[in-house]
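*Asks:* give me a 3D structure for the following:
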Amino acid sequence: MPGDISMLQPGDPRSEAVVLLHGWYSSPIPMKRLEWALRREGYQVFNPAYRSIRVPLATLASEYLPDYLLRNIPDSLRRIHFVTHSMGGLLLRGSLAAHRPANLGRVVFLGTPHHGSEAADFWSKSAFCRWLAGPNLASLQTGPAGYSVTLGPADYEALVIAGDRPLSPFWSPLPSPHDGKVSVASTRLAGSARHIVVPHTHVALPIRTEIIRQIVQFLRSGDAGLHA
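*Replies:* Okay, here's the model as predicted:
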């Protein structure tokens, strides 16, 4: 049958899916431009909304994401790739530790605080901020309080893209260089194939044309087109 996915050749994007995971205090909307670009490349794209504010990160990783993949991703797909922004990368890493798909493909992390964020450390000092931000403000801290300390290195093909242009030139609790929310140092991930620093802010990482091109190239071939 022409539409039968089992008849597609290996490497054909139609036999592969890309799951997009937005960040903390966000939604699928900032990932939409990337979603449309990947659909034009022929990939099946899933861009779910998840409760990033009120549901603990550990629960999202152990329950929400595995259940979502089980219910929505066809078993016949040859590979499942992931593109994550900010906290979405920690969610994925936590989920892969215990619920790794057998057909896992490549993974892209955009501005993910793999070692926590010093901004979360700073704002966690305020009781009002802790109440407003929900449990995942603590999960995003550096050091032993943060969720990232429970996670191991990448043992899959991974590309890390970090920004080094904050929105505001004024004081920040983050060490330079940083993208306004995450320091470049915190985005580094042991085991990743590439680490690229681009001159953009945290919120711009999923929407910039040149970054989307790098993501597409990496998903296709494992080559991001730029050196680490």
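
*Asks:* isn't L159 up against V108?
*Replies:* Yes - contact status for L159 versus V108: in contact at 4.8 Å, counting by CB atoms under 8 Å. All C-beta atoms are positioned from the backbone trio N, CA, C, and that covers glycine.

*Asks:* with neighbour numbers in mind, choose between those two.
*Replies:* V108 (30 against 27; other CB atoms under 10 Å).

*Asks:* doesn't the more buried one fall inside a strand?
*Replies:* Yes - V108: assigned to a strand according to DSSP: H, G, I helix; E, B strand; the rest coil.

*Asks:* how close does it sit to H22?
*Replies:* Computed as CB to CB, to the nearest Å, the V108 to H22 distance reads 13 Å.

*Asks:* looking at the protein, which helix or strand does the model trust least?
*Replies:* helix 127-133 (a mean of 88; mean pLDDT, DSSP states H and E).

*Asks:* list the contacts of the one residue sitting closest to the centre of the chain.
*Replies:* Nearest to the mean C-alpha position of the chain, by CA atoms, centre = their mean, lies T84 at 1.8 Å. Contact analysis of T84 by CB atoms under 8 Å, 6 or more residues apart in numbering lists 20-21, 91-92, 107-110, 112.

*Asks:* that's a helix at it, yeah?
*Replies:* No - using three-state DSSP, the assignment for T84 is strand, not a helix.

*Asks:* which residues does it bridge with?
*Replies:* Residues in a beta bridge with T84, per DSSP bridges, are L21, F109.

*Asks:* quick one, strands of this structure?
*Replies:* 16-21, 44-46, 79-85, 104-110, 158-163, 194-198 (DSSP state E).

*Asks:* restrict the fifth one to CA atoms and write it as PDB.
*Replies:* It stands for strand 158-163. Extracted in PDB, the C-alpha atoms of strand 158-163 (Å, rounded to 0.1, in the frame of the first residue of the first chain):
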ATOM      1  CA  ALA A 158      22.800  14.400  21.300                       C
ATOM      2  CA  LEU A 159      23.300  18.000  20.200                       C
ATOM      3  CA  VAL A 160      23.400  20.800  22.700                       C
ATOM      4  CA  ILE A 161      22.700  24.400  21.500                       C
ATOM      5  CA  ALA A 162      23.300  27.200  24.000                       C
ATOM      6  CA  GLY A 163      22.700  30.900  23.700                       C
END
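
*Asks:* if anything else comes up later, I'll come back, but that's it for now.
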